[in-house]
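Let's see this in three dimensions:
(chains A and B)
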Amino acid sequence: MIKVQDFEVRVPGFHLQSVSLNAGPEDVFALIGPTGSGKSLLLEGIAGLVPAAKGSVQIGGEDMTRRPPESRGLGLVYQDTALFPHLSVRENILYGTRYHALDTRTVQSRFDRFVRRLNLKNLLDRSPVRLSGGEKQRVALARALMLQPRALLLDEPISSLDPLFRDAIRELLRSLHQELHIPFILVSHNFSEVLYLANRGAILRRGRIEQSGTIRALFERPETPFVARFVGMQNLWRCSAREGWARVGDLKIRLNGPAVQGDDVFLALRPEDIDRVRENAHEYENVFQGRVVALDGRGFYVRVALDVKGVRFSAFWTRQVVSRHSLEPGQTVRIGFSSGSLHTIRVDAGQSADEGTLDGALDL
Amino acid sequence: MKPSRDTLFFALLFFVSLPLVLLVVLPLTRMLTQPGLADLWEAIADPVVLRALARSVGTSLAAAGICLVFGTPLAYVLARKAFPGKRLVEGIVDLPIMIPHPVIGIAILSLAGRNHPLGQFLNGLGIQVMGTYWGIIAVLAFVGLPFFVNTTKAGFESVPSRLENASRSLGAGVGHTLFRITLPLSWPHIVLGMIMCTARAISEFGAIVIVAYHPMTAPVLIYERFTAYGLRYSQPICVWLIVISFLLFVGMRFVSRHRRVEA
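Model (predicted):
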């Protein structure tokens, strides 16, 4: 169990403040946020590598705030794996054992276990310098797990890997978490990684937690416009919302379920939730006629900018949809979306609700 | 194949710098090739020359050793920590490069004289600076320090602090991390720092000639032979000094590489 309370770290040019979170053995807790939001610094703060200016870090019920990193019993795995280049793979894995009062038999049995589990048998006498990204990551995991850490801290463990190895390491991390029953804290800015591995998390912005909770809540019920943008709700309008209807400019949009009411609220919608619909289709509560403004190919999908009575929409459609209907700028299309995929947010939520700064802070 | 425009451009740049390269190469080649084998043999058979060469090498290595012991911790602090006054300390480390050499000699003498408490203290211990090995080594450590500290500092900086963090998280304290991770990885730089420091020390003349004309080091002997007997008599000693320095540096490089392979 890791419990961080009112945690604060100051380094030149950056201030991480009022961070509270806890992660139990069943949790893979993701720290998510744009570059420079302080997520790696928070991880280093938990590990004791940067001193806390305020607040506390408890690990397994023990207050560790003033303890040096070597006595916190945490495993730390970096993106670049930080393997010791002058030692062999075997020496890397055994590096920490001498500091943990382990007898030879325990060391040997753990060594055998993790070498087998992480499939490192053929690498033991090699230099870590010449290993592939996936192999390095496995060695770094073995090195940390040898000491039976109370929690595993992972700083972007997958981002730098070849796409080829990513799935394998992701699956490995998931099964290791189920086996080990210790909290994992995962720093990441890769959503597919987070959605696959994590069950809870926090989104950081400028050194503060903007929202924390279950991953589902973060991605489906963002509490601030920043989080909405960050998790991919690219359609974000100011509107007035009353009695099941939202007014965005001249558009009347049907809402559903509990919604924030008021003359000035944010309405958010994911681009992938906007469908292209036929004439007289009835599967959506909201159907509008719009005009294609621009098409922007993004690899597997196309981002389509639309204008509906002066309101801008952004939709992600597959290349097939775009080519089947030979969409091009200026063309008129019908779009539809369910009221269930709409989400309302209070305008004053979060550090800064200003749309201008939001656009500047994020370019997704 | 026709050379590309880029190649021609770089060739042009090289030709612009050629006079400078020749300025180094021509005199050295001339000097190395001028003395005959008989002259060289005669010089090395002279016990005065032999002792001066040994003295130069010995005192320079001693100065490098002092820099190693006292300079390495400073280099590590400068590489890893930000603290108020760091720029000042870095400036002080660089100072010996800027100061004219005779000034260094005079400065050290004035501190070690009877009129200064430090001089009195050293005298009490029986340590004389003027005209002794103590004086020579002090001067050489002074002039070699910036070369050692700056090279070693660059070596420490080249070791990512993430490696140290990983070591700490695995249970190693600061000291163990320094000795098991940081020092082994920056060892080649440290050896390079010692080579630079030794090289700088071996070539020192201006400060030594003030602090200790005797016992005579090779550069002072070369100067003396030059003023007393002329060019012809100083050249063979120059050749020997260059050869010995060269062998010394190759040897140190070899040792450091060997150490690395073992590690």
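
B:Ala141 contacts B:Ser60, correct?
No: contact criterion Cβ atoms under 8 Å: B:Ala141 and B:Ser60 do not qualify, at 9.7 Å. Where C-beta positions appear, they are placed from N, C-alpha and C, glycine not excepted.

Next, show the common contact partners of those two.
By Cβ atoms under 8 Å, 6 or more residues apart in numbering or on different chains, B:Ala141 and B:Ser60 have these common neighbours: B:Ala201.

So those two - more neighbours on which side?
Taking other Cβ atoms under 10 Å in any protein chain shown, B:Ala141 and B:Ser60 do not tie; B:Ser60 has more neighbours (28 against 23).

What count of nearby residues applies to the residue lying closest to A:Glu279 once chain neighbours are set aside?
Closest residue in space to A:Glu279, ignoring its immediate chain neighbours: A:Arg334 at 6.8 Å, by Cβ to Cβ, 6 or more residues apart in numbering or on different chains. A:Arg334 has 16 neighbouring residues, counting by other Cβ under 10 Å.

Then B:Arg114?
Applying other Cβ under 10 Å, I find that B:Arg114 has 7 neighbouring residues.

Please report how far the residue positioned nearest the centre of chain B lies from B:Val255.
When Cα atoms, centre = their mean is applied to chain B, the residue found nearest the centroid is B:Cys197 (2.0 Å). Separation of B:Cys197 from B:Val255 (Cβ to Cβ, to the nearest Å): 15 Å.

Then B:Val211?
From B:Val211 across to B:Val255, the span is 30 Å (Cβ to Cβ).

ok, these two, which is more surrounded?
Taking other Cβ under 10 Å, B:Val211 and B:Val255 do not tie; B:Val211 has more neighbours (25 against 11).

if I pick the residue nearest to that one when sequence neighbours are not counted, what's in contact with it?
Sequence neighbours aside, B:Gly135 is the residue nearest to B:Val211 in space, at 4.2 Å (criterion: Cβ to Cβ, 6+ apart). Applying Cβ under 8 Å, 6+ apart to B:Gly135 gives the contacts B:108-109, B:112, B:128-129, B:211-212.

Which element, helix or strand, includes B:Gly135?
helix B:133-157 (DSSP states H and E).

quick one: contacts of the following helix or strand past that helix?
Later in the chain than helix B:133-157, the nearest helix or strand by DSSP H and E is helix B:161-169. Applying Cβ under 8 Å, 6+ apart, the external contacts of helix B:161-169 come out as A:44, A:47-49, A:68-70, A:72, A:74-76, A:78, A:80, A:82-84, A:95, A:140, A:143-144, A:153, B:80, B:174, B:176-177, B:180-182, B:185.

repeat that for 6 Å
Contacts with helix B:161-169, where a contact means Cβ atoms under 6 Å, 6 or more residues apart in numbering or on different chains, come from A:47, A:49, A:69-70, A:76, A:78, A:82, B:177, B:181.

And A:Glu70, how close does it get to B:Ala141?
35 Å.

What's the local residue count around A:Leu76?
A:Leu76 has 30 neighbours, counted by other Cβ under 10 Å.

Now do the nearest residue to it once chain neighbours are set aside against B:Val159, distance only.
Leaving aside its chain neighbours, A:Leu76 sits nearest to B:Ser169 (3.8 Å; criterion: Cβ to Cβ, 6+ apart). From B:Ser169 over to B:Val159 the distance is 16 Å, taken as Cβ to Cβ.

Could you do A:Phe114 as well?
26 Å.

now do A:Val277
In terms of Cβ to Cβ, A:Val277 sits 60 Å off from B:Val159.

returning to what we had before: show me what counts as buried in the helix holding B:Gly135.
B:133-153, B:155-156 (16 or more other Cβ atoms under 10 Å in any protein chain shown).

Nearest residue to A:Asn22 in space, please, no chain neighbours.
Nearest residue to A:Asn22, sequence neighbours excluded (Cβ to Cβ, 6+ apart): A:Lys3, at 4.4 Å.

just A:Gly336 next, same as before
In space, and not counting its chain neighbours, A:Gly336 is closest to A:Tyr284: 3.4 Å by Cβ to Cβ, 6+ apart.

Now do the SS call for that neighbour.
coil (DSSP: H, G, I helix; E, B strand; the rest coil).

picking that back up, the residue nearest to A:Asn22 belongs to a helix, doesn't it?
No: if the criterion is three-state DSSP, then A:Lys3 is strand and not within a helix.

and it, bridged to which residues?
As for beta bridges, A:Lys3 partners with A:Asn22, A:Gln58 under DSSP bridges.

Is it in contact with A:Ile59, as I believe?
No: using Cβ atoms under 6 Å, A:Lys3 is not in contact with A:Ile59; the gap is 7.9 Å.

any residues touching stretch A:221-241, and which ones?
Residues contacting stretch A:221-241 (Cβ under 6 Å, 6+ apart): A:203, A:205, A:210-211, A:219, A:246-248, A:259, A:261, A:263, A:265-271, A:313-314, A:344-345, A:349-350, A:353, A:358, A:362.

can you list the residues of chain B near chain A?
B:162-163, B:165-166, B:168-173, B:184-185, B:263 (Cβ under 6 Å from any Cβ of the partner chain).

Neighbour-wise, which one of those leads?
Sorting the residues of chain B next to chain A by how many neighbours each has (other Cβ under 10 Å) puts B:Ala166 first, at 31 neighbours.

Just the pLDDT for that one.
pLDDT for B:Ala166: 96.

how much space between the residue nearest to A:Leu76 and B:Ala79?
Distance from B:Ser169 to B:Ala79, by Cβ to Cβ: 21 Å.

which stretches of chain B aren't confidently modelled?
B:1, B:258-263 (pLDDT under 70).

mind running it again at 50?
B:261-263 (pLDDT under 50).

the longest helix in it is where?
helix B:47-80 (DSSP state H).

Give me the buried positions along that one.
Buried residues in helix B:47-80, defined by neighbour count with 16+ other Cβ under 10 Å: B:49, B:52-53, B:55-57, B:59-64, B:66-68, B:71-72, B:74-76, B:78-79.

Can you report how many residues lie near B:Ala207?
27.

same question, the one 5 residues further on
As a burial measure, the neighbour count of B:Ala212 was computed by other Cβ under 10 Å and equals 27.

That one and chain A: what is the separation?
With distances taken as Cβ to the nearest Cβ, to the nearest Å, B:Ala212 is found 42 Å from chain A.

what's the answer for B:Gly193, then?
18 Å.

what do you get for B:Leu32?
Taken as Cβ to the nearest Cβ, the span from B:Leu32 to chain A is 39 Å.

Name the nearest residue to that residue, sequence neighbours excluded.
Nearest residue to B:Leu32, sequence neighbours excluded (Cβ to Cβ, 6+ apart): B:Val239, at 5.7 Å.

Just the element for that neighbour, please.
Short version: B:Val239 belongs to helix B:231-262, going by DSSP H and E.

before we move on, back to that, quick check on the contacts of stretch A:221-241: which are buried?
Neighbour-count burial (16+ other Cβ under 10 Å) applied to those gives A:203, A:205, A:210-211, A:219, A:246, A:248, A:259, A:265-271, A:313-314, A:344-345, A:349-350, A:353, A:358.

Mind checking which of these land in strands?
A:203, A:205, A:210-211, A:246, A:248, A:265-269, A:313-314, A:344-345 (DSSP state E).

Okay, and the beta partners of the residue in the stretch 151-300 of chain A that chain B sits nearest to?
Closest residue of the stretch 151-300 of chain A to chain B, Cβ to the nearest Cβ: A:Leu153 (7.9 Å). Beta-bridge partners for A:Leu153, by DSSP bridges, are A:Leu76, A:Ile185.

Quick check: the gap between it and B:Tyr133.
55 Å.

Run a quick neighbour tally on B:Val25.
11.

Remind me what the host helix or strand of it packs against, helices and strands.
Counting by DSSP H and E, the element that carries B:Val25 is helix B:5-33. Judged by 3 or more Cβ pairs under 6 Å, 6 or more residues apart in numbering or on different chains; DSSP states H and E, helix B:5-33 is in contact with helix B:231-262.
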